[in-house]
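**Q** Sequence isn't available, so here's the structure alone:
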């Protein structure tokens, strides 16, 4: 029984990370709403960040900030600082990606009035003239309307 | 709803097989929290100095800063951080270009 407990204790963090990653992939693949797809991408990113932070962990070690009372030459005393640094970079890049993704979503909603994938594909295949925000119809309306020249 | 049923089943099956593959692969990872893991070694398997251990041992000597993460981010990898700033700047410019209201668009 204690063997099984030890087996689970050594691995449960990685199992949870794998499940998080699969949840993120499920969101990106199967959700119809583009906003939910972005949320799936965020979950995926964070599962990878958690993977690296978990790999940096050591039992009985302290945070990677030098303490004069703890010997720096014994590497087992401190957590590995390298994965933490790399994930700091990854978090910043992730925030930048999410910002651009949401800006694109806002623009798509402005132009097509929906962020549902199937409705969007229908509108792209057969642009109907009553779509008020659509770029193409906007151009044709402008060129045909008498106000176009004066504006 | 748009996806056909066969495509959906195929997607679920591939997700399920990926889950099983990764859960099996966890077994060959180093155990969580073990200081003997290859990433934590002073001299790694290839005979070189391990980066993580080197940062712990010489961060204070090299940069006189107690926080090792700060030293790695700001000293050893400062050009990486500069590139990161460029990425964030590019993202901000992209957001502005996407979201701005062009003159010919106003109604």
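**A** Cool, got the structure. Keep in mind it's a predicted model, so treat the numbers as computed, not measured. Numbers count the residues shown, from 1 in each chain, chains lettered A, B, ... in the order given.

**Q** Outline the domain layout of chain B.
**A** B:1-30, B:33-102 (automatic domain parsing).

**Q** how about CSV for these, with mean pLDDT added?
**A** Shown next, in CSV, are the domains of chain B (pLDDT from 0 to 100):
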stretch, mean pLDDT
domain B:1-30, 88
domain B:33-102, 89
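
**Q** which one of these lies closest to residue A:82?
**A** Closest of those to residue A:82 is domain B:33-102, at 4.4 Å (criterion: CB to CB). All C-beta spots, glycine's among them, are computed from the backbone N, C-alpha and C.

**Q** where along the chain do the helices fall?
**A** The chain I'm using is chain A. Applying DSSP state H to chain A gives helices spanning A:2-30, A:34-55, A:81-112, A:117-125, A:135-144.

**Q** could you do chain B instead?
**A** So, for chain B - with DSSP H - the helices run B:5-25, B:51-63, B:68-71, B:78-99.

**Q** Can you lay out those as JSON lines showing distance to residue A:124?
**A** Formatted as JSON lines, those follow (distance: least, CB to CB, whole Å):
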{"stretch": "helix B:5-25", "distance to residue A:124": "19"}
{"stretch": "helix B:51-63", "distance to residue A:124": "48"}
{"stretch": "helix B:68-71", "distance to residue A:124": "46"}
{"stretch": "helix B:78-99", "distance to residue A:124": "18"}
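
**Q** Residue 43: how many residues sit nearby?
**A** You didn't pick a chain, so chain A it is. 18 (other CB atoms under 10 Å in any protein chain shown).

**Q** Please refer instead to chain B.
**A** Neighbours around residue B:43, by other CB under 10 Å: 10.

**Q** Now do the contacts for the residue nearest the centre of chain A.
**A** Closest to where the C-alpha atoms of chain A average out (CA atoms, centre = their mean) is residue A:42, at 2.3 Å. When contacts are counted by CB atoms under 8 Å, 6 or more residues apart in numbering or on different chains, residue A:42 touches A:24, A:94, A:98.

**Q** Go again with 7 Å.
**A** residue A:98 (CB atoms under 7 Å, 6 or more residues apart in numbering or on different chains).

**Q** re the thing from before, of all the helices of chain A, which one comes closest to residue B:85?
**A** Short answer: helix A:81-112, nearest of the helices of chain A by CB to CB, at 8.9 Å.

**Q** residues of that closest one that come out buried?
**A** A:81-90, A:92, A:94, A:96-98, A:100-101, A:103-105, A:111-112 (16 or more other CB atoms under 10 Å in any protein chain shown).

**Q** and if you look at stretch A:52-72?
**A** A:52, A:53, A:54, A:55, A:56, A:57, A:58, A:61, A:64, A:65, A:66, A:72.

**Q** Need the worst-confidence member of these.
**A** Across these, the smallest pLDDT goes to residue A:72, namely 85.

**Q** doesn't residue B:54 make contact with that residue?
**A** No - Residue A:72 is beyond contact range of residue B:54, at 11.4 Å (criterion: CB atoms under 7 Å).

**Q** Next, residue B:30: phi, psi?
**A** The phi/psi pair for residue B:30 (degrees, to the nearest 10) reads phi -60, psi 150.

**Q** what's around it, how many residues?
**A** Counted with other CB under 10 Å, residue B:30 comes out at 14.

**Q** for chain A, what are the nearby residues on chain B?
**A** Counting by CB under 7 Å from any CB of the partner chain, the residues of chain B close to chain A are B:1-2, B:11, B:15, B:18-19, B:22-23, B:26, B:29, B:31-33, B:35, B:39-40, B:42, B:51-53, B:55-57, B:60, B:66-69, B:72-73, B:77, B:80, B:84, B:87-88, B:91, B:94-95, B:98-99.
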